[in-house]
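Undergrad: Here's my sequence, what's the structure:
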Amino acid sequence: MDLLILGGSWFVGRVIAEDAVGRGWSVTVFNRGRSATPPEGVRVIHGDRESAHDLARLAGSGPWDAVIDVAGTVPTMVRDAARALRPATTRYAFVSSVSAYAGWPAGPVTETSPLHDGDPDRSDPEGASHTYGAMKVGSEAAIRREFNADRFLIVRPGVVLGPHEYVGRLKWWLNRALRGGPILAPGRPDRPIQPVDVRDLSAFLLDQLADGGSGTFNVAPPADRSSYRDLLVACLAATGGRGELLWIDDEWLAGQDVRQWTELPLWRVPPGTWAMDAKRATAAGLTCRPLAETVHDTWAWLSAGGRAVDHERDAEHGINPEKERELIDRAETEGAVRSRERLPA
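TA: Numbers count the residues shown, from 1 in each chain. All right, here's what the predicted structure looks like:
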């Protein structure tokens, strides 16, 4: 296939480009060329997707069998790219997010769950009604307006982990495991967790494009396959760290001024956080590798000098060691430590 990726040098886009090149596809990436070097084997076209001139120049460099927009968030920018590229491609794919669902993370979601209100003609992301999720919904709507149902593919992953991740969630837990000692483990050891490996997301998306798939898919592993304990144990095993996991009560921890989702990465109290139904994607061929493999491969990549693009979100993740120690001491004093486990045994 001839493939165009809008982006192609960061996390998801980079892995998709590498995957497609490995399949023998002809891959073009379009970006500004400011933040990262694209993978080997791709054709590079530099330009700004906010520029009508650059989009017209890009469209004239086609045609392509498929276009993938991996990072579009502002609906008007997604709309303008889809409109400009419509004559130059047969298929159009968009990487959306679980954040598109109005009920997430409060409860479980399927592809038919209600979405945020999203306007395909909004350009200003500011304001309470224009959250990240609403902007993704507006972007989806823009694509649906430009392409017939059998010509677009929308994937809504939950959390995406793996090599090249720039948000820093898994990297922080790996470094924390390496440091060892008493480790604040939030909530229950058996809490389900369902991040998807970036390579599995890429494989599913490219397989769908190759096979003529269309429509909308949630992309995540089964909700009952991995637990938060599996994540932390895998981090200790990958790094060779020695630690004691102290599982601290959710309700108690939520009342201790701990920022959910960031200060203790991937921990969030709402029950729908890890309750994404991806049976439709599984039936269409999605396969997800074990979480331990994602953890191991990410640590191997980091240990070999792998470095993600610099991003401000990386600094948001992780709890201060002194605060962690104080919380553990207080939890032990107040009886909030529900269980503990030394690893390796």
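
Undergrad: What residues are bridge-paired with the residue nearest the centre of the chain?
TA: Central residue check for the chain by C-alpha atoms, centre = their mean: the C-alpha nearest the mean position is that of V160, 3.0 Å away. Note on V160: beta-bridge partners by DSSP bridges are V196.

Undergrad: Let the chain start at 664 from now.
TA: Let's use 664 as the start, then, which means that last one is V823.

Undergrad: you'd agree it is up against V859?
TA: Yes - using C-beta atoms under 8 Å, V823 makes contact with V859 at a distance of 5.7 Å. Backbone N, C-alpha and C define where each C-beta goes, glycine included.

Undergrad: Relative to L864, how far out is the residue nearest to the centre of the chain?
TA: Separation of V823 from L864 (C-beta to C-beta, to the nearest Å) stands at 6 Å.

Undergrad: ditto for S1002
TA: According to C-beta to C-beta, S1002 and L864 sit 33 Å apart.

Undergrad: Same drill for the two, tell me which one is more crowded.
TA: In terms of neighbours (other C-beta atoms under 10 Å), L864 is the more surrounded of S1002 and L864; the figures are 27 against 12.

Undergrad: List the residues that contact the more buried one.
TA: For L864, the contact set (C-beta atoms under 8 Å, 6 or more residues apart in numbering) comprises 675, 678, 758, 818, 820, 823, 882.

Undergrad: so which of those residues comes closest to H716?
TA: Using C-beta to C-beta, V758 comes nearest to H716 of the contacts of L864, at 25.4 Å.

Undergrad: Looking at the contacts of L864, which are in strands?
TA: The members of the contacts of L864 that map onto strands under DSSP state E are 758, 818, 820, 823, 882.

Undergrad: so which pair among those residues is furthest apart in space?
TA: Greatest spatial distance among these (C-beta to C-beta): V818 and V823, at 10.4 Å.

Undergrad: What ranges does the stretch 714-863 of the chain have for its helices?
TA: Along the stretch 714-863 of the chain, counting by DSSP state H, counting those that start in this stretch, helices occupy 715-722, 738-748, 795-809, 832-842, 861-874.

Undergrad: how many neighbours does the closest residue to D893 other than its chain neighbours have?
TA: In this structure, D893 finds its nearest non-sequential neighbour in L954, 5.5 Å apart by C-beta to C-beta, 6 or more residues apart in numbering. L954 has 22 neighbouring residues, counting by other C-beta under 10 Å.

Undergrad: so who does L954 touch?
TA: By C-beta under 8 Å, 6+ apart, the residues touching L954 are 856, 858, 884, 888-889, 893-894, 897.

Undergrad: One more pass at 10 Å, please.
TA: For L954, the contacting residues are 824, 856-860, 884, 888-890, 893-894, 896-897, by C-beta atoms under 10 Å, 6 or more residues apart in numbering.

Undergrad: Among those, which ones are in strands?
TA: 824, 859-860.

Undergrad: out of those, who's nearest A745?
TA: V859 (24.6 Å).

Undergrad: right, and that closest one touches F880 too?
TA: No - applying C-beta atoms under 10 Å as the test, V859 and F880 come out as separate, 11.4 Å apart.

Undergrad: Find residues that contact each of those two.
TA: Common contacts of V859 and F880 (C-beta under 10 Å, 6+ apart): 818, 820, 867, 941, 944, 949.
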